[in-house]
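Asks: Predicted model and sequence follow; I will ask about them next.
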2 protein chains.
Amino acid sequence: MPVTYLAINKTMFLHFRDKFPQLNVFWDKYLPFQTRLEVPTKTILLEEGKISQNYIFIEKGCVRTFFNNNGEEKTVQFFFENEGLTSFDSFVNNIPSQCAIETIEPSVIYLLPKQYVTQMIEELMHEQNFAQMMLQMFAQRQTHYINEFISFIRDTPEQRYQNLLRERPHIVQRVPQHYIASYLGVTTVHLSRIKSKIAKGKAHF
Amino acid sequence: MPVTYLAINKTMFLHFRDKFPQLNVFWDKYLPFQTRLEVPTKTILLEEGKISQNYIFIEKGCVRTFFNNNGEEKTVQFFFENEGLTSFDSFVNNIPSQCAIETIEPSVIYLLPKQYVTQMIEELMHEQNFAQMMLQMFAQRQTHYINEFISFIRDTPEQRYQNLLRERPHIVQRVPQHYIASYLGVTTVHLSRIKSKIAKGKAHF
DNA sequence: GCCGGACGATAACATATGTTATTAAGTTCA
DNA sequence: TGAACTTAATAACATATGTTATCGTCCGGC
């Protein structure tokens, strides 16, 4: 069971602030229990195989999640400022995470211990529109993963790179190329070829 | 936005019967509103681009979901007896489905019109453990799609076929090979090569 | 300033996969 | 039964992608 990401994070809170203003109260309430950390690049925030003990919120910087496959690292996802993540499986089922979480820039992060996350969800369950909120949050996460899945079925690595350039250019700008190659499912050599090919195609004399 | 599948179906009901016995009441209550259909192979149950109007439950037979990509059909998923499906996006957002749904065997299916599904969810929201139920249901669906996604990142088409043989042999047995090729993301020719290679590897003299 | 390591481009070659065409076996239906 | 169609295997060739190696640049530590 790989890592999935808990839908309840600050991004969601910000996103649903208008629809569900009561969320602000909860976010503020749990702020004091968070630990602020300043960490350098390549800091492991969660090791593969460990049970996640914290909800991670990114104030500054960015992180990636990845797993080890026969000595080769496979990058699954990137997270940036004002995004939060944790292992859904670890939280719901208390099992080891299949993915590691690592910073790829010097970052400022906040850790909210598991017990408070559980507590916050418990409290949230008594809210009026909780079910509706959950539906929308999960639909959003699910849509993300299905789109990734569909993209692998439908698109070539070159098309996937073009999609990334078009839809999430900040990733291409900020993330080292070998992580992007791993995310696209190709080698660094081939990503380099793809870039070269695109550059030649765009060149006009 | 591609098709995703509503987590609330009979499989879920059967699966969660012990934990949430109150579900049986709901399932029974909505049985009378379902239409029974006997349909031949290659019956389109939902066209790509149409808004899904029914929740589909399979009593006998099997179906696939697929989308058209430059004239080439890409199979996304297979469903069998006692499984239910519909377009999550169509239901939540009333938008056209990106996938078509088609029988690949003579089948017996039940259709529950959209209005009753909505009504059932509304009623379910007032149940005691609804939030808990939703969490588990969505976690399960999400895990499925993430596993598909991870499998594309990690495995070669041959490994994906071996996984299919090992974990879901009923698919290989019942589904025509060209649909499986499309599901694995390769051509029929290459799947044939893979099978041939595996057969030679297994041969012993 | 020098050095070593991380990152990225490129070349040469190997392997995997796609494309097209051909053949054959099984199915459906008149 | 025969004709048309679907499905699957195979061959020959084309393209995409992986592997290994080399080179150059940039950057941080000393």
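Replies: Thanks, I have the structure now. Numbering: from 1, shown residues only, chains lettered A, B, ... in the order given.

Asks: Which positions in chain A make contact with DNA strand C?
Replies: Proximity of chain A to DNA strand C is confined to A:176-178, A:188-189, A:191-193, A:195-196 under the rule Cβ under 7 Å from any atom of the strand. The C-beta positions use only the backbone N, C-alpha and C, and glycine is treated the same way.

Asks: Is the lengthiest helix in chain A in proximity to DNA strand D?
Replies: Once chain A is assigned using DSSP state H, the helix that runs over the most residues is helix A:130-154. No: counting by Cβ under 7 Å from any atom of the strand, DNA strand D has no neighbours in helix A:130-154; the shortest distance is 11.0 Å.

Asks: average pLDDT for that helix?
Replies: Summarised as a single mean, pLDDT over helix A:130-154 is 77.

Asks: again, but for stretch A:36-50
Replies: Stretch A:36-50 comes out with an average pLDDT of 91.

Asks: A:E73: what's its closest spatial neighbour, skipping adjacent residues?
Replies: With sequence-adjacent residues excluded and distances taken as Cβ to Cβ, 6 or more residues apart in numbering or on different chains, A:E73 is closest to A:F66, at 4.9 Å.

Asks: ok, A:T41 touching A:P106?
Replies: Yes: here A:T41 lies in contact with A:P106, judged by Cβ atoms under 8 Å, at a distance of 5.7 Å.

Asks: ok so, going back, go ahead and build a PyMOL selection from the buried members of the residues of chain A next to DNA strand C.
Replies: A single PyMOL command is used to select the members of those judged buried by 16 or more other Cβ atoms under 10 Å in any protein chain shown:
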select buried, chain A and resi 191+195
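
Asks: Bridged to the most centrally placed residue in chain A, which residues?
Replies: To find the centre residue of chain A, average its C-alpha atoms and take the closest one (Cα atoms, centre = their mean): that gives A:F79, at 4.1 Å. Here A:F79 sits in beta bridges with A:V63, as judged by DSSP bridges.

Asks: ok, which residues in chain A are in contact with DNA strand D?
Replies: A:156-158, A:185-187, A:189-190, A:193-194.

Asks: Could you confirm whether stretch A:25-39 reaches chain B?
Replies: No: counting by Cβ under 8 Å from any Cβ of the partner chain, chain B is not contacted by stretch A:25-39; separation bottoms out at 14.8 Å.

Asks: Mind listing what's buried along that stretch?
Replies: Across stretch A:25-39, burial judged by 16+ other Cβ under 10 Å covers A:26-27, A:30, A:34, A:39.

Asks: List the ones among those residues that fall in helices.
Replies: Judged by DSSP H, helices contain the following of these: A:26-27, A:30.

Asks: Quick one: distance of stretch A:63-81 to the chain centre.
Replies: When distances are taken as Cα atoms, centre = their mean, to the nearest Å, stretch A:63-81 is centred 10 Å away from the chain's centroid.

Asks: who touches it?
Replies: Taking contacts as Cβ atoms under 8 Å, 6 or more residues apart in numbering or on different chains, the residues outside stretch A:63-81 that touch it are A:2-3, A:5, A:45, A:48, A:56, A:58-62, A:85, A:98-104, A:107, A:109, A:170-171, A:174-175, A:179-180, A:182-183, B:150, B:153-154.

Asks: Looks like A:Y110 contacts A:Q34 (just checking).
Replies: Yes: look at A:Y110 against A:Q34 with Cβ under 8 Å: they come within range, at 4.3 Å.

Asks: hey, what's in contact with both of those two?
Replies: If you check A:Y110 and A:Q34 against Cβ under 8 Å, 6+ apart, the residues they both contact are A:F57.

Asks: ranges for the strands of chain A?
Replies: In chain A, the strands defined using DSSP state E lie at A:35-39, A:44-46, A:54-60, A:63-69, A:72-79, A:84-85, A:100-103, A:107-113.

Asks: Partner strands of the first one and their direction?
Replies: This points to strand A:35-39. Using DSSP bridges, the strands paired with strand A:35-39 are strand A:107-113 (antiparallel).

Asks: what about the nearest residue to A:R154 once chain neighbours are set aside, distance to DNA strand D?
Replies: Closest residue to A:R154 in three dimensions, ignoring its sequence neighbours and counting by Cβ to Cβ, 6+ apart: B:N69, at 5.2 Å. Computed as Cβ to the nearest atom of the strand, to the nearest Å, the B:N69 to DNA strand D distance reads 15 Å.
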